[in-house]
Structures are given as structure tokens and as C-alpha cells.
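Q: What follows is a protein structure lacking sequence information:
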């Protein structure tokens, strides 16, 4: 559509220039000696006239095609079904409660309606096609509105190289260059500009050079679910074993330190006794560093490098930021809400990053991560980078929340 508009504009300019070149002034008193030049001029103006007519014809065809485009798009726009349940809807091979279950459509997941049979909707979602009970999903205008709410907007770069600008103007500073085919997350859409997030940077790109579309959470087949659960169990056991080995490795040094302190205590003078006594702050922070919070942080780090998937909650096959946090804490028997905004209200606000401990939640606008110490978080960052470690202060922090 954008390329068609640019072509139309170029053709209009070309036609105008050709028409201007075709303008002549006649003189009735010209002599016969000028006849050959006149004939040559007639040939040139005749060719120009043909070019103008051809350009005008193509312009008219493009205009007619553009006028028809909204009607075509409206007719082909698929109707969506959005699951509205506590957990998931069973997707069955045939309409009927006795039919085989071939997958699950989780809450707020989206499927394209491709047919109906009684109280059942035939949907296509992810890798499966099957039937769901219509009463458990929104459709029509409600479904479209809900899909827009739960979907995540992405933008794919169409230009060879696209400038990411600090503000929504061509005069603004360039903060990054995006290659062709790069996919970024959309934050806002304004006239002529799209605000996007690229890894840990926010900026604006011209809407003329990106394809903006919506990504939905989709259904999961039984085979996909079994493979995911199997892989998650393997990684969970590996993480627990790694944590156990790390704890055992630290135990001898801790015991040696304890014995050294005990041996030096009787020889310490009255004026030196305060030097070997840990402060109250050290006494209160030590359990957190080696306790449940540290185990949560260590467990979360096992999944660095795994993919980011919008709407996902799988630590192995892919999760978004809140899905990642929810699944990590779920492994330790701690239930959290599904969205980053809700999670950012859980627990106790500790007052800032300077008070953060491993296992705390670091909440941002529209994002959340798990603090791992040394000023860093582990989080499901973006489609490009997946689950990764970042500096906690890479963007403004709303709050740091402590649950354990």
C-alpha cells in the first residue's frame, strides 16, 4: 500500500512535467523556411503527448485499485475467537465432548474462525485446527476488540537500513540503525511514526518503512505440550542439581571461616572485638543472599538464551516477560498474576535498586524482570534477544518488589 502511494505520487509528478513540456506557441506568420523545424517539433510533441496519456492511464488504474483496497481488506479480514476462561479450552478433533482432545487454547489465546457447527467453532490456531465450545470464547466485535487488547504489536523493517530516532521527527538524533527484516516491538503508534523498543533502547521509526502487525498467543497441541513439559522438567532438575552443588561447594569455605572466627575471638583485645563482629546490616542480608531468593535467581539464570514468545509461559519453548517471571516463581510454589503490571504490585516495595536482593522483582513500565545481584536482572527481553541478563537500570524503574 505504501509503495503504491509512492509510485502514484511519482507518476503524477512525471505527468505534470511531461504536460508542461508539451506546451507550444503557434505563429501564423512563420515563413516556409521554418517548416522543417516545425515538423520536427510536431514529432517531439506527439511523442510527449503519448507519454502523458500513458502516465495518466497508469495513474487512473492505481487510483481505482487504491479505492477498491479497503473493501477487499474488509472482506478478507478473518473473524477471531479469543478464549475467556480461567485456564484453557480443550481443542477437539470433531465437534462433541466425546471427540479426541488434540490441544489447548489457553486464556486470552486467539484462533481464526474457519467454520461453525452448532455450538462449536472450528478454529485454526498455531499448528492445529479443531473445534472449541463457542460459549467459552469471544467473537465478532467483542472478539476483535479483545484480540487487539491481548495482542502484541510488532514492526518489521522493510527498508535496507532504517534510522531509529530519539524523537518523532526527521531532525531528531539517530540512536540506532535497523537492518532489513529486523522485527521490533511496538510501544505506540502516532501519525507518521511508530515508537518501538529495540533490545534495551526506545525510539521512533517512520511508518512508511515498516510493516506493523499483531502477534497473538496461539493454541498448543498435545505433542507440543508434552515436549515442553518434558524439557522444563529436565531443566528444572538440572537447575536444582546445579544449586545443590553450588551450596555444597560453598559449605567448606563457610565452615572454615566460622572456625577461623572462633579461634581468633579469645585472642581479640577489648578494643579490637568490634572489628570481627558483623554489622546488623550484614547479619540481615546474609540469609537473603544464600536463601530462597538466591535459589530463585539461580534457577531463572538456567534459561538464559531461550526464546521470547509473546503470551508464552514456557521457560524452554518461550515466554514473555511476565510469563517468564510467573513460571520461575511457580517452580518454588509461589503463585503470581499473569501480567507485568499486576506482578509489579505484588510483595513489598523495598524502596529502590540500592536495596534490591537476588530474587526481588524489578518492575518497569510494561515490563518486569528478576534481580540476580550486582545491579543486574534476568528477563525475557525481546523477540530478537530472548531471555537474557541486563543491567537493571537500563530503563526507568518503577519499583523493586520483595516476595521472599
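A: Looks like it arrived, so ask away. Quick caveat, the model's predicted, so the values are computed rather than measured. Numbering: from 1, shown residues only.
Q: Could you break this protein into its assigned domains?
A: Listed by automatic domain parsing, the domain ranges of the chain are 80-150, 152-215, 221-250+288-402.
Q: Next up, the contacts around the closest residue in space to residue 292 that isn't next to it in sequence.
A: In this structure, residue 292 finds its nearest non-sequential neighbour in residue 404, 4.6 Å apart by C-beta to C-beta, 6 or more residues apart in numbering. Just so you know, the C-beta spots here come from the backbone N, C-alpha and C atoms, and that holds for glycine as well. For residue 404, the contacting residues are 291, 292, 293, 296, 332, 334, 359, by C-beta atoms under 8 Å, 6 or more residues apart in numbering.
Q: Just give me the least confident of those residues.
A: pLDDT across these is lowest for residue 291, at 84.
Q: For that one, give its distance to residue 238.
A: Distance, residue 291 to residue 238, by C-beta to C-beta, to the nearest Å: 21 Å.
Q: In TSV: the domains of the chain, plus distance to residue 53.
A: What follows is the domains of the chain, written out as TSV (distance: least, C-beta to C-beta, whole Å):
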stretch	distance to residue 53
domain 80-150	45
domain 152-215	30
domain 221-250+288-402	49
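Q: For ChimeraX, write a command that selects the buried ones of the contacts of residue 404.
A: The command below creates a ChimeraX selection of those among the contacts of residue 404 that count as buried (16 or more other C-beta atoms under 10 Å):
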select :293,296,359
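Q: In helices, which of the contacts of residue 404 fall?
A: With helices taken from DSSP state H, the overlap with these comprises 292, 293, 296.
Q: Closest to residue 197 out of those residues?
A: Closest to residue 197 out of the ones in helices among the contacts of residue 404 is residue 296 (25.7 Å), distances taken as C-beta to C-beta.
Q: quick one, what contacts that closest one?
A: 328, 329, 332, 358, 359, 370, 404.
Q: so which helix or strand takes in the second one?
A: The secondary structure element spanning residue 329 is helix 321-330 (assigned by DSSP states H and E).
Q: Pull the residues that contact the helix or strand just after that helix.
A: Toward the C-terminus, helix 321-330 is succeeded by helix 340-343 as the next helix or strand (DSSP H and E). For helix 340-343, the external contacting residues (C-beta under 8 Å, 6+ apart) are 321-322, 325-326, 336-337, 361, 363-364, 366-368, 401.
Q: tell me the contacts of residue 172?
A: Neighbour list for residue 172: 165, 166, 204 [criterion: C-beta under 8 Å, 6+ apart].
Q: just for the chain, where's the confidence low?
A: 1-52, 54-56, 58-59, 61-75, 199-200, 235, 239, 242-243, 246, 250-290 (pLDDT under 70).
Q: which residues sit in contact with the residue sitting nearest the centre point of it?
A: In the chain, the C-alpha nearest the mean C-alpha coordinate belongs to residue 185, at 4.4 Å (C-alpha atoms, centre = their mean). Going by C-beta under 8 Å, 6+ apart, residue 185 touches 152, 153, 154, 155, 196, 197, 382, 383.
Q: cool, residue 180 as well?
A: With contacts defined as C-beta under 8 Å, 6+ apart, the neighbours of residue 180 are 157, 158, 159, 160, 161, 162.
Q: In these, find the pair that's most separated.
A: The widest separation within those (C-beta to C-beta) is 11.0 Å, between 158 and 161.
Q: who's more crowded, these two?
A: For residue 158 and residue 161, the more surrounded residue by other C-beta atoms under 10 Å is residue 158, and the numbers stand at 15 against 11.
Q: Give me the nearest residue to the more buried one, chain neighbours excluded.
A: Per C-beta to C-beta, 6+ apart, closest to residue 158 is residue 209, 5.4 Å.
Q: Residue 401 falls within a strand, correct?
A: Yes. Per DSSP: H, G, I helix; E, B strand; the rest coil, residue 401 lies within a strand segment.
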